[in-house]
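*Asks:* How does the following fold in three dimensions:
(chains A, B and C)
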Amino acid sequence: MQRLGDICCLWMFAPSYEPLPDKVKFFYDGKHMKLSPPAEEVATFFAKMLDHEYSTKDIFRKNFFKDWRKEMTSEEKSKITDLNKCNFSQMNDYFKAQSEARKQMTKEEKRKIKEENERLLQEYGFCIMDNHKERIGNFRIEPPGLFRGRGDHPKMGMLKRRIRPEDIIINCIFFSPNDIWKEVRHDNKVTWLASWTENIQGSIKYIMLNPSSRIKGEKDWQKYETARRLKKCVDRLRTQYRDDWKSKEMRIRQRAVALYFIDKLALRAGNEKEEGETADTVGCCSLRVEHIQLYPKMDEQEFVVEFDFLGKDSIRYYNKIPVEKRVFKNLQLFLENKQPEDDLFDRLNTSILNKHLQELMDGLTAKVFRTYNASITLQQQLKELTTSDDSIPAKILSYNRANRAVAILCNHQRAPPKTFEKSMQNLQTKIDEKQIQLSTARKQLKAAKADHKASHDDKSKKTVEVKRKAVQRIEEQLMKLQVQATDREENKQIALGTSKLNYLDPRISVAWCKKYAIPIEKIYNKTQREKFAWAIDMAEKDYVF
DNA sequence: CTGACGACTTGGAGTAAGAGAC
DNA sequence: GTCTCTTACTCCAAGTCGTCAG
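*Replies:* Predicted coordinates for the structure are as follows:
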């Protein structure tokens, strides 16, 4: 693999800090205090977040204050000893005013900024890989700021330091001096162009190509081909894990029950995490006793398992499902003599599970089940929900519902948008108005018909036609609005993006569009069409996952 | 086997852009 | 043309999974 990445060395970085104008003051204990630029910069990070819940959280404040003090001069350090005595409100006002000013910019100013962004993209947003010009995914190095961990993250509020050239490892050929970087290498076994080590968790961050690139597209395609291979042998695997529920060995039973959950509930694998370094979240293998409740009987159903835990991004997973008796009995066995904080599957981890899966099918890992179950669900749901003589908006609603079924399976949730209630109300108002319009149009049609019946002339006939068309048009508009309202309501707390982007074989969607003559733009926006170009190219209307 | 590390995918929030209403 | 609301897109955190050393 030849790699010729043309990356500019200066503009990839965050712009250096520009001190605030003197009129923007910081107060400590009621008294004005001029901060040194480094201390002021970090203070602005906090000031920008004053309206965010983060700034009220104890851990956030504590971590911020500790790191902020490190940036202070010794004089500042000795004076500023209590965050509660700090008044950042002028800074906060200043930034609000700035963003307000940005919104108020004239058309011309906005056009200039847009042009400048486009120029930056053209200049720094591309590289050449294997003789192809490719879009880079994230060509801007992350700017300094306060770490915003999700959930109860012990490190939230810590200072993410500024990245300089000497922190960066370059992994491509580039046209700039060699000696300013941490290292320059040419490793063509990996796909990244540049990397640095981030100071909060000590993990490595990368500059990689855009999803539309060949290298990402091929990987994506492979992922779905692996899931399709699982489809071919999933019956065999299911028979096997059901069999393993009866195994003499505890580790095999645990493995088999965990796999059943991963398959049936689309749970994530659940790697172990370092305690105290991140939020306390779990996946299947890392489930603890406290995360499940067993109910031999619950509302007419037997053998119900109740799950309640925080998964990736501290999103709550809550589900009650009836399981087979054998699974239930096994779970009771796994729980014996354990404390709430003990591992449910104490003889299992993701490495053991994946080794086992690898033996069952080449390339099989826990996450393949998620991909497989998501894609097969979409295919089934589309088949079930689509009616050929439906209108296009009704078909799109069916598509979104199929997509939604997958999002629910994968537990892709979102906070209801802040403006949700209002926007539903607006839509309802429109519907009401449209309904009034419709009844008026219907009355007019009726009148026109009566008129025609009386006169039988050409002119009145034409009027009837015109009115009939008007009614039809308004009916369509009303239906469209109603469909939109249904769709939005059903989608209140569900995030469709992740499944669409990462779990659904795009060829299923492309085939569906072709079969029902739906323009592809109705389901994929520009970025998504670019990412799925390979599938749009490849799939015909008869494609089966 | 265990833990650390490295590379890559997956994830929701936030915001900028721009489409549609007026 | 301007304002408002929605959608697209960016951002970067947080997972998965393989490898390697001890």
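
*Asks:* what about the strand or helix carrying A:Cys233, distance to the chain center?
*Replies:* Element membership for A:Cys233 (DSSP states H and E) is helix A:214-244. Centre-to-centre, helix A:214-244 and its host chain are 23 Å apart (CA atoms, centre = their mean, to the nearest Å).

*Asks:* what about it and DNA strand B, any contact?
*Replies:* Yes. Counting by CB under 7 Å from any atom of the strand, DNA strand B is contacted by helix A:214-244 at A:Lys216, A:Lys219, A:Asp220, A:Lys223. C-betas here are computed from N, CA, C, even on glycine.

*Asks:* Pull out the buried residues from that helix.
*Replies:* Buried residues in helix A:214-244, counting neighbours by 16 or more other CB atoms under 10 Å, are found at A:215-217, A:220-221, A:223-224, A:226-230, A:234, A:237, A:241, A:244.

*Asks:* Mind jotting down where the strands sit in the stretch 101-250 of chain A?
*Replies:* When assigned using DSSP state E, counting those that start in this stretch, the strands of the stretch 101-250 of chain A occupy the ranges A:126-129, A:132-135, A:145-146, A:159-160, A:169-170, A:183-184, A:194-197, A:204-207.

*Asks:* Next, format these as a markdown table and append mean pLDDT.
*Replies:* Listed next are the strands of the stretch 101-250 of chain A as a markdown table, based on pLDDT from 0 to 100:
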| stretch | mean pLDDT |
| --- | --- |
| strand A:126-129 | 90 |
| strand A:132-135 | 92 |
| strand A:145-146 | 96 |
| strand A:159-160 | 96 |
| strand A:169-170 | 92 |
| strand A:183-184 | 90 |
| strand A:194-197 | 95 |
| strand A:204-207 | 95 |
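
*Asks:* For the closest residue to A:Ile315 other than its chain neighbours, give me phi and psi.
*Replies:* Closest residue to A:Ile315 apart from its sequence neighbours, by CB to CB, 6 or more residues apart in numbering: A:Gln413 at 5.5 Å. The phi/psi pair for A:Gln413 (degrees, to the nearest 10) reads phi -110, psi 160.

*Asks:* residues in contact with A:Gln413?
*Replies:* A:Ile315, A:Arg316, A:Gln493, A:Ile494, A:Ala495 (CB atoms under 8 Å, 6 or more residues apart in numbering).

*Asks:* do you know how far it is from DNA strand B?
*Replies:* Per CB to the nearest atom of the strand, to the nearest Å, A:Gln413 is found 5 Å from DNA strand B.

*Asks:* State the pLDDT value of A:His153.
*Replies:* Looking at A:His153, its pLDDT reads 96.

*Asks:* May I ask you to confirm that it is in contact with A:Thr278?
*Replies:* Yes. At 6.5 Å, A:His153 and A:Thr278 qualify as touching, with contact defined as CB atoms under 8 Å.

*Asks:* okay, these two: which has more neighbours?
*Replies:* A:His153 (22 against 17; other CB atoms under 10 Å).

*Asks:* and chain A, what are its domains?
*Replies:* When chain A is parsed with automatic domain parsing, its domains come out as A:3-14+A:106-207, A:26-103, A:245-364, A:378-538.

*Asks:* can you list the residues of the stretch 251-400 of chain A near DNA strand C?
*Replies:* Counting by CB under 7 Å from any atom of the strand, the stretch 251-400 of chain A sits next to DNA strand C at A:268-271, A:273, A:278-279, A:281, A:283, A:311-314, A:350-351, A:354, A:358, A:365-368.

*Asks:* Turn the buried ones among those into a named PyMOL selection, would you?
*Replies:* To isolate the buried ones among those in PyMOL, judged by 16+ other CB under 10 Å, type:
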select buried, chain A and resi 268+269+270+278+279+281+283+311+350+354+365+366+367+368
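
*Asks:* Can you flag which of the residues of the stretch 251-400 of chain A next to DNA strand C belong to helices?
*Replies:* A:Thr350, A:Ser351, A:Asn354, A:Gln358, A:Ala366, A:Lys367, A:Val368 (DSSP state H).

*Asks:* got these as JSON lines, with pLDDT columns?
*Replies:* Formatted as JSON lines, these follow (pLDDT from 0 to 100):
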{"residue": "A:Thr350", "pLDDT": "97"}
{"residue": "A:Ser351", "pLDDT": "96"}
{"residue": "A:Asn354", "pLDDT": "97"}
{"residue": "A:Gln358", "pLDDT": "96"}
{"residue": "A:Ala366", "pLDDT": "97"}
{"residue": "A:Lys367", "pLDDT": "97"}
{"residue": "A:Val368", "pLDDT": "98"}
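
*Asks:* In CSV, list the residues you listed along with distance to A:Ala258.
*Replies:* Converted to CSV, these look like this (distance: CB to CB, whole Å):
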residue, distance to A:Ala258
A:Thr350, 10
A:Ser351, 13
A:Asn354, 11
A:Gln358, 15
A:Ala366, 9
A:Lys367, 14
A:Val368, 15
